[in-house]
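Asker: Compute the structure for the input listed below.
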Amino acid sequence: MKKPISTGNCGLCRRKFSKSAMTRHLKSCRDQSSTTPAESKGVAPAKTFHVLVEGRFLPDFWLHLEVPAAATLEKLDRFLRAIWLECCGHMSAFTIGGTRYSVSPNRDSFFGGPREQNMKQKLYEVLSVGTVFEHEYDFGTPTVLKLKVVDERERTGGSTDIAVLARNDLPSIVCETCGQPATQVCSGCIWNAPAWFCDKCAKDHECGEEMFLPVVNSPRVGTCGYCG
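Answerer: Residues are numbered from 1 along each chain as shown. Sure, this is the predicted structure:
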């Protein structure tokens, strides 16, 4: 069976594109939508990074972000938690060029692990165009994200917020019993089919309702207590 094409909506023009076409589209769309109100008010443009984020093992979940280069890793971590990851206050860390940046860094290698940095570094200090890096949330039942700096440019307006340029549509996931759209996933069987069910078929699954989580638009779907 041919795999469905992953699609999403551009946050600037609201048009739909495939995952493979979205990066190219955003380059031209951002050029066309750029404005200069800040320049007229004497506010200097600030450098931003265009960052593609996708699930390391579930790449049909993806985001395109515009992130101020002067933002910290900590700010990007908080954003990723809020939009995609946060469930139970787990630990998280970035890995960039072999260096690990954690919310609670290990300052020595007493327990055999590598020395870690904190997340206070600004993005322009550790990233550049073409940098590929990872983010991991929850070291027990981890959700790993792959990130890439696609481009950099000047953004007017003086905003220091992270902006969503595009986001994937919820992938087509069907009930493994009847073929209707899946609405629930068994967290105990997610890596061993059948695990995806519609509401009706979920009632007959042997694990019981306490094991079910809602099907949501995030690479953390079906993991720990994540409900979106």
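
Asker: can we go C-alpha only for contacts and neighbour counts from here?
Answerer: Will do.

Asker: in this protein, which strand has the most residues?
Answerer: In terms of residue count, the longest strand belonging to the chain (DSSP state E) is strand 143-155.

Asker: which outside residues touch it?
Answerer: 34, 45-57, 85, 127-137, 219-220 (Cα atoms under 8 Å, 6 or more residues apart in numbering).

Asker: tell me the phi and psi of Gln180?
Answerer: Backbone torsions for Gln180, taken as degrees, to the nearest 10, come to phi -80, psi 160.

Asker: for it, what are its contacts?
Answerer: Residues near Gln180 by Cα under 8 Å, 6+ apart: Val174, Cys198.

Asker: hmm, which of the contacts of strand 143-155 are the buried ones?
Answerer: 45-46, 48-56, 85, 127-128, 132-137, 219-220 (16 or more other Cα atoms under 10 Å).

Asker: In stretch 149-159, which residues are buried?
Answerer: Of all the residues in stretch 149-159, those buried under the rule 16+ other Cα under 10 Å are Val149, Val150, Asp151, Glu152, Arg155, Thr156, Gly157.

Asker: how about the strands of the protein, start to end?
Answerer: Using DSSP E, strands in the chain cover 7-10, 16-18, 46-55, 62-68, 92-96, 99-102, 116-117, 132-137, 143-155, 163-168, 184-186, 196-197, 212-214.

Asker: would you turn these into TSV with mean pLDDT and distance to Arg30?
Answerer: Converted to TSV, the strands of the chain look like this (pLDDT from 0 to 100; distance: least, Cα to Cα, whole Å):
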stretch	mean pLDDT	distance to Arg30
strand 7-10	96	10
strand 16-18	97	15
strand 46-55	96	10
strand 62-68	97	10
strand 92-96	96	27
strand 99-102	95	31
strand 116-117	90	34
strand 132-137	98	22
strand 143-155	95	10
strand 163-168	97	9
strand 184-186	96	37
strand 196-197	96	38
strand 212-214	96	34
